[in-house]
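Colleague: no sequence for this one, just the structure:
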């Protein structure tokens with residue numbers, strides 16, 4: 001007979017997996033192609049193990065960043081089992097999501113009634129913000145990091161010290177924010193001591209020493225292998241000082257909080273002007289400041305009466321902080337995939353609210369409200385899911401939903417350029433530049449395209465911007481090479497070629513005219 005505890009874990013797992021089964025018909029989208037489909041290290045377990053000492057991004061021009069060997073190994077295993085079929089990768093993403101959902105239930109059940117723990121699992125399973133995190137294959141890193149982090153918490157509770165350390169290491173080696181796993185375990189340990197005075201107040205010191213050792217080792221290896229990522233920052237932060245960075249980061253925090261509470265207006269891109277980049281302080285920035293101040297207060301205030309909410313709020317803060325751009329600039333302004341683990345806060349809030357309501361109204365009414373909420377969230381997820389079917393669908397959806405996204409118009413320009421639609425490509429590049437002219441990568445792409453079709457009228461200014469902010473960018477170097485050739489300056493062109501071939505040896509064939 002199936003016990004109630006098993007059902008409470010199994011039902012959210014089944015809902016999570018079933019919800020994302022339609023994605024098994026989808027293909028490789030955006031970075032999936034570079035990281036998985038075109039990456040030999042992701043095509044066999046032997047190759048993945050040989051690449052353990054290599055960066056996450058395949059080595060090549062502009063690559064060599066980050067360090068996520070566990071994620072690459074998971075791709076290699078999927079490739080071996082599914083023969084490279086994207087459908088199998090999507091199926092495994094659904095299973096990983098289901099596992100994380102089950103762990104969410106187990107972790108929060110310590111402080112919640114069984115029904116409330118079920119609510120937490122169902123809300124986490126169907127939350128629409130998860131669509132990018134599950135439907136995008138490169139977001140597997142988020143799923144693995146969450147599974148490792150929560151698995152380490154569960155293992156530590158059961159005194160499986162070795163398993164907990166292995167899970168913590170797996171979280172770190174899946175994605176960078178896994179480095180906070182030790183702090184999350186410490187938080188859980190502290191909360192256990194508060195709600196169960198009869199249990200040992202603290203985990204043993206050698207366990208924490210082991211966690212600290214594995215964390216420090218990971219940080220050292222990460223900086224050695226993939227530390228170039230520290231120089232890869234999002235375009236709005238490239239030439240901005242502290243004030244300019246926070247002027248974008250705080251509105252992004254506000255948008256992130258809104259997505260957790262009201263996940264209707266979703267986007268594949270949150271660069272300007274989806275999130276504006278104002279010259280000074282804004283109302284949205286003040287809202288972000290309020291969120292940043294309120295969340296720690298919420299976590300601390302809930303420590304006694306609602307420890308599940310305390311744990312979820314603190315974990316959400318810890319996991320979002322590395323990509324929040326509050327402490328340092330990162331490579332993204334905001335991405336829905338980075339909110340995968342922070343959805344724990346929304347799930348815990350719903351479960352605590354359900355438990356509170358159950359003491360005041362009938363369980364049937366609470367169940368009806370929860371069922372309605374889960375259905376609405378699930379329907380929004382199912383409606384959003386097809387957007388990630390392929391690159392064309394994703395691009396068209398982004399252009400339609402967020403025409404203010406300069407990146408969407410840049411992507412459209414690249415597609416039209418590849419199709420030979422010169423007028424369309426020019427138009428889309430011009431729109432992108434009008435929305436946000438400060439992106440050096442956009443300037444480099446546009447300059448390279450215009451120089452390639454012989455239109456050098458604005459190329460010089462574009463190249464100057466790109467080379468000033470990204471002096472070793474391969475596209476900017478190519479654009480400058482073409483500009484000097486168009487101006488009839490072979491010596492200068494050759495000097496650029498020599499510089500580029502030293503900086504990016506993989507481009508030597510292009511500069512020698514062997515590949516165009």
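Modeller: Looks like it arrived, so ask away. No experiment lies behind these values; they were computed from the predicted model shown. Numbers count the residues shown, from 1 in each chain.

Colleague: contacts for stretch 345-357 next, please.
Modeller: Contacts of stretch 345-357 with the rest of the structure, by CB atoms under 8 Å, 6 or more residues apart in numbering, involve 104, 108, 112-113, 115-117, 119-121, 123-124, 127, 260-261, 306, 308-309, 311-313, 315-316, 365-366, 369-370, 373. (C-beta placed from N, C-alpha, C; glycine too.)

Colleague: list only buried entries from those.
Modeller: Buried residues within those, counting neighbours by 16 or more other CB atoms under 10 Å: 104, 108, 112, 115-117, 119-121, 123-124, 127, 260, 306, 308-309, 311-313, 315-316, 366, 370, 373.

Colleague: can you report how many residues lie near residue 5?
Modeller: If you count neighbours by other CB atoms under 10 Å, residue 5 ends up with 13.

Colleague: residue contacts, the closest residue to it other than its chain neighbours?
Modeller: Of all residues not flanking residue 5 in the chain, residue 114 sits nearest, at 7.2 Å (CB to CB, 6 or more residues apart in numbering). By CB under 8 Å, 6+ apart, the contact set of residue 114 is 4, 5, 8.

Colleague: burial count for residue 205?
Modeller: Neighbour tally, residue 205, other CB under 10 Å: 8.

Colleague: pLDDT at it, what is it?
Modeller: We note a pLDDT of 94 for residue 205 in this prediction.

Colleague: cool, and the one 5 residues further on?
Modeller: Note on residue 210: pLDDT of 97.

Colleague: quick one: contacts for it?
Modeller: Residues counted as contacts of residue 210 (CB under 8 Å, 6+ apart) are 161, 165.

Colleague: go again with 7 Å.
Modeller: Contact analysis of residue 210 by CB atoms under 7 Å, 6 or more residues apart in numbering lists residue 165.

Colleague: what secondary structure does it sit in?
Modeller: Recorded secondary structure, residue 210: helix (DSSP: H, G, I helix; E, B strand; the rest coil).

Colleague: and it, how far from residue 163?
Modeller: 12 Å (CB to CB, to the nearest Å).

Colleague: so where is the stretch 51-200 of the chain shaky, pLDDT-wise?
Modeller: Scanning the stretch 51-200 of the chain for pLDDT under 70 picks out 59-64, 193-200.

Colleague: can you give me the helices for it?
Modeller: 69-82, 86-108, 114-126, 130-135, 140-157, 161-172, 181-195 (DSSP state H, counting those that start in this stretch).

Colleague: for residue 24, find the nearest of those.
Modeller: helix 86-108 (4.4 Å; CB to CB).

Colleague: and the closest one, what does it pack against?
Modeller: Judged by 3 or more CB pairs under 7 Å, 6 or more residues apart in numbering; DSSP states H and E, the packing partners of helix 86-108 are helix 4-19, helix 69-82, helix 114-126, helix 130-135, helix 140-157, helix 343-358.

Colleague: give the buried residues for it.
Modeller: 86, 88-94, 96-108.

Colleague: what of stretch 446-455?
Modeller: In stretch 446-455, counting by 16+ other CB under 10 Å, buried: 446, 447, 448, 449, 450, 451.

Colleague: and the gap between residue 326 and residue 320?
Modeller: From residue 326 across to residue 320, the span is 9 Å (CB to CB).

Colleague: which stretch among the helices of the stretch 51-200 of the chain comes nearest residue 42?
Modeller: helix 69-82 (4.0 Å).

Colleague: so how far is the closest one off the chain centroid?
Modeller: 19 Å (CA atoms, centre = their mean, to the nearest Å).

Colleague: just stretch 432-452 next, same as before
Modeller: Remark: stretch 432-452 is offset 25 Å from the chain centroid, using CA atoms, centre = their mean.

Colleague: ok, residues contacting it?
Modeller: 235, 238-239, 272-273, 404, 406, 409-410, 413-414, 417, 425, 429, 456, 458-459, 462-463, 465-466, 469-470, 473, 475-476, 478-479, 482-483, 486.

Colleague: so of the residues you listed, which ones are in helices?
Modeller: Those of these mapping onto helices are 406, 409-410, 413-414, 417, 425, 429, 459, 462-463, 465-466, 469, 475-476, 478-479, 482-483, 486, per DSSP state H.
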